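In: got a sequence here, can you model it:
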Amino acid sequence: MAEGERNFVVFGFIASPVATTLRTMRYRMLDTALGPMAIGWTDAGICRLLLPGEGLQEMRARLEQTGGVEAADGQPEITARILAYAEGANDNFIDVELDLSRVSDINRRIYEHIRGLAWGETTTYGAIARWLGDVALSRAVGAAMGANPIPLIVPCHRVLAADGRTGGFSSPGGVRAKMEMLALEKAASPSGQFSFGF
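Out: From the prediction side, this is the model:
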């Protein structure tokens, strides 16, 4: 590094000043029918989505701690689609451009795979592990779901434990948030034995 140059920390990674400029995250707070949400994006695409479970101020603080800059009117199209989803619109967000540059290769593969799930369609950790080629990778799949920075758009809520059990959910709203999203989508377990509801 040349004398006088500085590196910056972006999303917990060291980046050059040029990369920092290109990857600055902007964010927007959303007041949806499911509760407060927030989206974050870079020039490459959506990189964060916070689900309900915290207040707007807590979400804002979390995003700003990672270098986010608020852009209250940004991303109007995706904002409208998320608001409509929270009202029950059928949308799997498959066409939304994502910035997964800070995601490991295996997690990126898993996220790209589950983005193919349709609205209301579910799968299991084990099924994804088998798709990866080794059922022993179920825990790695679970870890990827827990590390998902863009839930809903990368639909980890549609991934269940064996026998249709919900499994964990790392959003602040916990398993209840997962259940609410599955109920909104009128989802069934992979065996089709029941629908989620309250």
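In: so residue 185 sits against residue 120, correct?
Out: Yes. With contact defined as CB atoms under 8 Å, residue 185 reaches residue 120; the gap is 4.0 Å. For the C-beta atoms, the positions are set from N, CA and C on the backbone; glycine is no exception.
In: more neighbours: which of these two?
Out: Counted by other CB atoms under 10 Å, residue 185 and residue 120 do not tie: residue 185 has more neighbours, with 23 against 16.
In: state the distance from that one to residue 115.
Out: Between residue 185 and residue 115 the computed distance is 15 Å (CB to CB, to the nearest Å).
In: residue 179 too?
Out: Counting by CB to CB, the gap from residue 179 to residue 115 is 21 Å.
In: how about low-confidence regions in this protein?
Out: 1-22, 163-175, 189-198 (pLDDT under 70).
In: just the helices in it please.
Out: Secondary structure of the chain, counting by DSSP state H: helices at 17-22, 56-65, 76-86, 105-114, 125-132, 138-146, 174-184.
In: as JSON lines, these with distance to residue 48 and mean neighbour count would be great.
Out: Output for those, formatted as JSON lines (distance: least, CB to CB, whole Å; neighbours: other CB atoms under 10 Å):
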{"stretch": "helix 17-22", "distance to residue 48": "16", "mean neighbour count": "12"}
{"stretch": "helix 56-65", "distance to residue 48": "7", "mean neighbour count": "15"}
{"stretch": "helix 76-86", "distance to residue 48": "12", "mean neighbour count": "16"}
{"stretch": "helix 105-114", "distance to residue 48": "13", "mean neighbour count": "17"}
{"stretch": "helix 125-132", "distance to residue 48": "22", "mean neighbour count": "18"}
{"stretch": "helix 138-146", "distance to residue 48": "15", "mean neighbour count": "19"}
{"stretch": "helix 174-184", "distance to residue 48": "16", "mean neighbour count": "18"}
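In: between those helices, which gets nearest to residue 43?
Out: The closest of the helices of the chain to residue 43 is helix 17-22. By CB to CB, the value is 5.9 Å.
In: from residue 177, how far out is the closest residue to residue 62 other than its chain neighbours?
Out: Closest residue to residue 62 apart from its sequence neighbours, by CB to CB, 6 or more residues apart in numbering: residue 50 at 7.1 Å. Using CB to CB, residue 50 is found at 11 Å from residue 177.
In: same deal with residue 92?
Out: Distance, residue 92 to residue 177, by CB to CB: 18 Å.
In: one more: residue 143?
Out: Counting by CB to CB, the gap from residue 143 to residue 177 is 19 Å.
In: and if you look at residue 118?
Out: Distance from residue 118 to residue 177, by CB to CB: 20 Å.
In: now the common contact residues for residue 185 and residue 120.
Out: residue 90 (CB atoms under 8 Å, 6 or more residues apart in numbering).
In: tally of neighbours for residue 35?
Out: Counted with other CB under 10 Å, residues neighbouring residue 35 total 18.
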